[in-house]
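Participant: what's the 3D shape of this:
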Amino acid sequence: MSKQQAFQISVLASGSTGNSLYLETDKKRILVDAGLSGKKVVSLLAEVGKKPEDLDAIFVTHEHVDHIKGVGVLARKYNLDVYANEGTWQAMDQALGRLAPEQKHIFKMGTTMTLGDMDIESFGVSHDAAQPQFYRFYRNNKSFAMLTDTGYCSDYLRGIIKGADAYLIESNHDLEMLRMGGYPWPLKQRILGDKGHLSNEDGALVMTDVITDNTKRIYLGHLSKENNLVELAHMTMEETLKRYDYAVGESFEIYDTSPDQACALFTL
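Facilitator: Sure thing, here's the model as predicted:
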């Protein structure tokens, strides 16, 4: 990467069935979550020309299986450091299996740590997990922010993620599809609640408040297979931003993600 470039990033998988993101700087290569089998994560890395042997660490957002399924096996096989806050460690420790004490690191919510040549900020979200947190990455005056698995986005949270150069934002469900769909009512209530997931409309409205002239890319993440369509999520984001007079397709682009196919590597 040149001196002006900060990161190489790929959303390896995003959806209700599994989530993982790859991020690389000149000095470090990390995953955020590994919610698919270790084998699948390795094959997704191969899709973007990357090897698990080159990874340094996995940062975990929360203990739900679609975020941690492959964490233990990958950490053991490739001797990776694992970072999560204390509440998440307590909730996922057994599920990960045995890891060496020196592989386990506590990353306190609401703090910023330096890893190699980047700074990583952690922030809490509203989700039905022990202590869910997401991350914003900084390097060379550029930043990448990721926010999925939250039932709502407070003004405080909007302030934390405002002005990033690229985003992964949740577009979990279409409200009408969810309401009319076959999910049992308690599950619908959970998804729609304050500790559930952002709808297409919610995610789009968050973006209207946080994107600035810096913003070049918006990735739509964590789409539900049952209660959403890629086209619907994309259309809702695009139409909402245009309604707020944002120049979609000119100053920035909207990108879709897949639950089982890696997005092309991009350089920020």
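Participant: list the contacts for residue 97?
Facilitator: The neighbourhood of residue 97, defined by CB atoms under 8 Å, 6 or more residues apart in numbering, consists of 72, 73, 76. For glycine as for every other residue, the C-beta is placed from the backbone atoms N, C-alpha and C.
Participant: Provide the count of other residues in contact range of the residue lying closest to residue 143 once chain neighbours are set aside.
Facilitator: Nearest non-adjacent residue to residue 143, counting by CB to CB, 6 or more residues apart in numbering: residue 164, 4.7 Å away. Residues near residue 164, counting by other CB atoms under 10 Å, number 26.
Participant: taking the contacts of residue 97 one by one, which sit in helices?
Facilitator: 72, 73, 76 (DSSP state H).
Participant: For the stretch 101-250 of the chain, just list every one of the helices.
Facilitator: Here the stretch 101-250 of the chain has its helices, by DSSP state H, counting those that start in this stretch, at 155-161, 175-180, 185-192, 200-210, 230-243.
Participant: re the thing from before, among the contacts of residue 97, which one is most surrounded by other residues?
Facilitator: When those are compared by neighbour count (other CB under 10 Å), residue 72 ends up highest, at 21 neighbours.
Participant: ok, back up a step: could you identify which of the helices of the stretch 101-250 of the chain is most buried?
Facilitator: For the helices of the stretch 101-250 of the chain, the largest average neighbour count (mean count of other CB atoms under 10 Å) is found in helix 200-210, namely a mean of 21.
Participant: Next, the angle from it to helix 230-243.
Facilitator: Here helix 200-210 runs at an angle of 40 degrees relative to helix 230-243 (axes from the mean of the first three to the mean of the last three CA atoms, to 10 degrees).
Participant: how about the CA coordinates for helix 200-210, as PDB?
Facilitator: Output in PDB follows, covering the C-alpha atoms of helix 200-210 (Å, rounded to 0.1, in the frame of the first residue of the first chain):
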ATOM      1  CA  ASN A 200     -33.500  -1.400   5.800                       C
ATOM      2  CA  GLU A 201     -35.100   1.900   6.700                       C
ATOM      3  CA  ASP A 202     -33.300   2.200  10.000                       C
ATOM      4  CA  GLY A 203     -29.900   1.600   8.500                       C
ATOM      5  CA  ALA A 204     -30.500   4.100   5.700                       C
ATOM      6  CA  LEU A 205     -31.600   6.800   8.200                       C
ATOM      7  CA  VAL A 206     -28.500   6.200  10.300                       C
ATOM      8  CA  MET A 207     -26.400   6.800   7.100                       C
ATOM      9  CA  THR A 208     -28.200  10.100   6.400                       C
ATOM     10  CA  ASP A 209     -26.800  11.400   9.700                       C
ATOM     11  CA  VAL A 210     -23.200  10.100   9.600                       C
END
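Participant: and that helix, what other elements does it pack with?
Facilitator: Other helices and strands packing on helix 200-210, by 3 or more CB pairs under 8 Å, 6 or more residues apart in numbering; DSSP states H and E, are helix 155-161, strand 166-170, helix 230-243.
Participant: Indicate which one of the ones you listed is closest to residue 268.
Facilitator: strand 166-170 (5.6 Å; CB to CB).
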